Every structure is written in C-alpha cells, then in structure tokens.
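Chemist: structure here, sequence nowhere to be found:
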C-alpha cells in the first residue's frame, strides 16, 4: 500500500523551526536532491555532526555505504512521484555516527510541500534505538544459551546473529528517506 504520508508546509517558517529545535527526536529535512536543509539539536546528539557540518551535505552523511544505492533509488522515486510507500510506518534501519560506529535508528517520514502542493523535500523524525536493540540482542542470545543448555530449545530457531528483525544485521529496507 502506498501513501502520500504526512505533509508539512515548506520549512523555514518560525513555527516549524521552533518545533524542530524543541523536539527530543532528531528532525532532518532534505531537499529534492537529498541535501540536508534542517538538522536539529537532537540530530546533533544522535549522529554527532553539528548543524554546520550537516547542513548542505547529502544524506550519505548518515547512510551506510552498503545501503546508499537502494536508499537513493527509493529517494529519487519518492521525489519524482511525491508518494512514499511508508506513510506513517516506522522504519528501522542502520545509520552512521560521525565517529564511524553504526547506529540502529527508527523513524517516520513525511513529504514537505510548498503552497502549490509541489514536493520540496522529505522530513524524517528519528529516534536512536541502538541501546534497545543491543539489549534485545543480548536477551535473545541469553535465551538461546539457556535453551541450548537445557536441551529444550526449539529446533531450527534463529540464532541472535541471524535475527531478521535486527536492523544492524538485516538488509536495509527499501528506501530510507
């Protein structure tokens, strides 16, 4: 199912700027070419890049290299059609921190439109879930160890390293805008 997703008026108004500055989740807006135009304080905290370092850069700044082609293919299609297939769905994907470490992020996306309904960008509201995913992975591993030691584990169960729900080990979902 495809959806136009949530929309915003073009960024730049004082109200939108104030909201982006105040919110605890990262707010990243990119233009039709994928250049970052809004990077709030939470984005600085999560990704490690200051606004001065991020603004004007492409989303490659935070997209792992192995996922870039798929990301840009989906991004181009979304910008061309004005429709995101994700709507209000929460996406969970790997991302990059300034220091090179991989993050697990969850985010929603929406289309940014001008007064004439022309798509002028994409907004993502992003949350860092790296610690939560690491804890869940440790718990899954501990359960697997306990099941193995007691002999009561289900046969054919996935190991924690093969968990398809782990955004660090799973292939990147199509289109991470």
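Modeler: Sure thing, it's come through. Owing to the predicted nature of the structure, the values given are computational and were not obtained by experimental measurement.

Chemist: scan this structure for its longest strand.
Modeler: Using DSSP state E, we find that the single longest strand of the chain is strand 102-113.

Chemist: if I look at the residue positioned nearest the centre of the chain, how far off is residue 148?
Modeler: Geometric centre of the chain, nearest residue: residue 107, 4.7 Å, by Cα atoms, centre = their mean. Distance of residue 107 to residue 148, computed by Cβ to Cβ, to the nearest Å: 35 Å. Where C-beta positions appear, they are placed from N, C-alpha and C, glycine not excepted.

Chemist: against which helices or strands is the next helix or strand along the chain from the longest strand of the chain packed?
Modeler: Beyond strand 102-113 on the C-terminal side, the first helix or strand identified by DSSP states H and E is strand 119-128. Counting contacts by 3 or more Cβ pairs under 8 Å, 6 or more residues apart in numbering; DSSP states H and E, strand 119-128 packs against strand 26-30, helix 41-47, helix 68-81, strand 102-113.

Chemist: residue 125 is in contact with residue 91, correct?
Modeler: No - Residue 91 is beyond contact range of residue 125, at 10.8 Å (criterion: Cβ atoms under 8 Å).

Chemist: spit out the residues that contact those two alike.
Modeler: Both residue 91 and residue 125 are contacted by 107-108, under the criterion Cβ atoms under 8 Å, 6 or more residues apart in numbering.

Chemist: for the nearest residue to residue 57 once chain neighbours are set aside, give me its contacts.
Modeler: In space, and not counting its chain neighbours, residue 57 is closest to residue 36: 5.6 Å by Cβ to Cβ, 6 or more residues apart in numbering. Residue 36 is in contact with 28-30, 54-59, 61, counting by Cβ under 8 Å, 6+ apart.

Chemist: ok but residue 36 is inside a strand, no?
Modeler: Yes - under DSSP: H, G, I helix; E, B strand; the rest coil, residue 36 falls within a strand.

Chemist: pLDDT score assigned to it?
Modeler: Per-residue pLDDT puts residue 36 at 97.

Chemist: hey, what's it bridged with?
Modeler: residue 30 (DSSP bridges).

Chemist: any idea how far residue 116 is from it?
Modeler: Applying Cβ to Cβ to residue 36 and residue 116 gives a distance of 24 Å.
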